[in-house]
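In: Just to be clear, the model below is a prediction. Sequence and coordinates:
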Amino acid sequence: MTPLHFVSQLAALRFANAFNPYSDRCAVHDIPDAPTQRATTLTAMLHAAEQTEVDALWVGRDLGFRGGRRTGLALTDDVHYHTHLERWGLRYPRPTVGQPVPEKTATVIWNMVDQIRQPIFFWNVFPLHPHEHDAPFTNRAHNARERHAGTEVLHQLIKLLRPRRLIAVGNDAENVLTKFDGFPTTIKVRHPSYGGQTEFSRQIRAIYDIREQTLL
């Protein structure tokens, strides 16, 4: 499977109360061609990742309304959008209007990623943004049907990128990744939300041998 074929299949996914950033446009926050731009950016990023040895695939739960719904990039908000692209040698304008919107989880994630030199690719168990009925700017956990579809997509992504290891960010990701046979070792870390920031940071420092910064 090619990156273009992968993203085309991703853009075709449809679920009730779920926003697909690669085919849906938010009338409030998106630029006119935002879905096309997000799909183009992800395709280019997959092409770049395919050409290198990806150290790890970090897998979260699903896209959030302040993060991946806007950027089309897992674990990435507006604030860290260009930084994420620069890691892969890419430059694209932000697909949203107005001032960059931060997301707490993305902030914690990128505080650590900025200290890591190895190529890392980010994804989610469910690659779309699930929200409550008639409330597009909310987050909800994906359901069983959505998880099944997301698992198939994740399986294809692992085969495409062949990462050296898998990092499960939270219990949902661990439950899915540990069921895959014949793939790299899965390392589980605490999800940084709901009070998990300190434990997540400690675990990532240990995995990547990052020294904790101290104030003089």
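Out: Received, thanks.

In: In PDB, please show the C-alpha coordinates belonging to stretch 25-38.
Out: Extracted in PDB, the C-alpha atoms of stretch 25-38 (Å, rounded to 0.1, in the frame of the first residue of the first chain):
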ATOM      1  CA  ARG A  25     -14.500  20.800   6.700                       C
ATOM      2  CA  CYS A  26     -15.300  22.700   9.900                       C
ATOM      3  CA  ALA A  27     -17.300  25.800   8.900                       C
ATOM      4  CA  VAL A  28     -16.100  27.600  12.000                       C
ATOM      5  CA  HIS A  29     -12.400  27.000  12.200                       C
ATOM      6  CA  ASP A  30     -11.200  25.600   8.800                       C
ATOM      7  CA  ILE A  31      -9.800  27.400   5.800                       C
ATOM      8  CA  PRO A  32     -11.700  26.600   2.600                       C
ATOM      9  CA  ASP A  33      -9.600  23.700   1.400                       C
ATOM     10  CA  ALA A  34      -8.700  22.400   4.800                       C
ATOM     11  CA  PRO A  35      -9.600  18.700   4.200                       C
ATOM     12  CA  THR A  36      -7.500  18.500   1.100                       C
ATOM     13  CA  GLN A  37      -4.600  20.200   2.800                       C
ATOM     14  CA  ARG A  38      -4.700  17.900   5.800                       C
END
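
In: Give me the contacts around that stretch.
Out: Outside stretch 25-38, the residues that touch it by CB atoms under 8 Å, 6 or more residues apart in numbering are 11, 19-24, 69-72, 92-93, 95-98, 136. No exception for glycine: its C-beta is placed from N, CA and C like everyone else's.

In: Please report how far residue 128 lies from residue 143.
Out: Going from residue 128 to residue 143 by CB to CB, to the nearest Å gives 12 Å.

In: quick one, what contacts the residue positioned nearest the centre of the chain?
Out: Centroid check for the chain by CA atoms, centre = their mean gives residue 74 as the closest residue, at 1.6 Å. Each residue near residue 74 by CB under 8 Å, 6+ apart is listed here: 58, 60, 63, 68, 122-124, 127.

In: Residue 123 belongs to a helix?
Out: No. Counting by DSSP: H, G, I helix; E, B strand; the rest coil, residue 123 is not found in a helix; it is strand.

In: ok, residue 15 touching residue 130?
Out: Yes. In this structure, residue 15 is within contact of residue 130 by CB atoms under 8 Å, at 7.4 Å.

In: which residues are common contacts for those two?
Out: With CB under 8 Å, 6+ apart, residue 15 and residue 130 have common neighbours residue 146.

In: returning to that earlier point: out of residue 128 and residue 143, which sits in the more crowded spot?
Out: residue 128 (26 against 14; other CB atoms under 10 Å).

In: tell me the phi and psi of that one?
Out: Main-chain dihedrals, residue 128, degrees, to the nearest 10: phi -110, psi -180.

In: which ones are touching residue 139?
Out: 62, 64-65, 129-131.

In: Around residue 103, how many other residues sit close by?
Out: Neighbours of residue 103 using other CB under 10 Å come to 24.

In: what's the answer for residue 129, then?
Out: Residue 129: 29 neighbours (other CB under 10 Å).

In: now swap in residue 89 and tell me
Out: With other CB under 10 Å as criterion, residue 89 counts 9.
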